[in-house]
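Asker: Need coordinates for the below:
(2 chains)
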Amino acid sequence: GQSLEQPSEVTAVEGAIVQINCTYQTSGFYGLSWYQQHDGGAPTFLSYNGLDGLEETGRFSSFLSRSDSYGYLLLQELQMKDSASYFCAVPNRDDKIIFGKGTRLHILP
Amino acid sequence: KAGVTQTPRYLIKTRGQQVTLSCSPISGHRSVSWYQQTPGQGLQFLFEYFSETQRNKGNFPGRFSGRQFSNSRSEMNVSTLELGDSALYLCASSIQGIVDTQYFGPGTRLTVL
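Answerer: Just a heads-up that it's a prediction; the model follows:
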């Protein structure tokens, strides 16, 4: 089957660094995207990896290893406003897009 | 540019009824995708329209349908509502489609009683 696996919850301290992992199994692969969703809000795009390696956007970075079917989102200098759910997403060969179930990030002061 | 808008924001229906949700994409975006979000199943892809044609479809029953107009606005229809259809329905627009960055609207919260 096709699936994306990510932890359901992660807890970190304000100012620290946290990594959210995503492993995928899909038919065909066009890249891995990450979205953030605050409670009551809409998902917003954070980052995309089409090739292996690290992509950096401010405090957020995303990494992809196609050979390991694995990626992660790295959040640095955590702020309370980063408390949200984070989803990885992959479009596949069947012209569908699959989302992970989401990782709820809790930030402690 | 104005973002993606969805109407209505909240909706309460009873089993057996039908419902139509509307989505206006970002100006210049020709692709509109629809998603269902529930606590149990997460975000699930319903279908995608591009230039008035359905290009992709997720694994949902035929009760879920949609269409897109020449101005790229899209509607989603759910017929014969079931309790399990209670969810947040999100639409997203993009330039090229599902391989492209999705810009989500605020969603329509549908409650089926």
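Asker: could you give me the average pLDDT of stretch A:96-104?
Answerer: In this model, stretch A:96-104 carries a mean pLDDT of 91.
Asker: which secondary structure element contains the residue most central in space within chain B?
Answerer: Note on chain B: the residue nearest the mean C-alpha position is residue B:34, at 3.2 Å, using C-alpha atoms, centre = their mean. Take DSSP states H and E as the rule and residue B:34 turns out to sit in strand B:31-38.
Asker: Helix or strand next in line after that strand, which one?
Answerer: strand B:42-50.
Asker: Summarise which helices and strands that following strand is packed against.
Answerer: strand A:84-91, strand A:97-99, strand B:31-38, strand B:53-57, strand B:64-68 (3 or more C-beta pairs under 8 Å, 6 or more residues apart in numbering or on different chains; DSSP states H and E). All C-beta spots, glycine's among them, are computed from the backbone N, C-alpha and C.
Asker: how many degrees apart are the fourth one and strand A:84-91 in direction?
Answerer: In this case it means strand B:53-57. Between strand B:53-57 and strand A:84-91, the angle comes out at 110 degrees (axes from the mean of the first three to the mean of the last three C-alpha atoms, to 10 degrees).
Asker: if I pick residue B:22, what's in contact with it?
Answerer: B:6-7, B:73-75 (C-beta atoms under 8 Å, 6 or more residues apart in numbering or on different chains).
Asker: neighbours around the nearest residue to residue B:38 once chain neighbours are set aside, how many?
Answerer: Excluding the flanking residues, the one nearest residue B:38 by C-beta to C-beta, 6 or more residues apart in numbering or on different chains is residue B:87, at 4.6 Å. Number of residues near residue B:87 (other C-beta atoms under 10 Å in any protein chain shown) recorded here: 21.
Asker: What residues are bridge-paired with residue B:87?
Answerer: Note on residue B:87: beta-bridge partners by DSSP bridges are residue B:110.
Asker: Would you confirm that it contacts residue B:39?
Answerer: No. Between residue B:87 and residue B:39 there is no contact under C-beta atoms under 8 Å: 9.1 Å.
Asker: can you list the weak-confidence ranges in the chain?
Answerer: Picked chain A for this. Counting by pLDDT under 70, the ranges of chain A that qualify are A:1, A:93, A:95.
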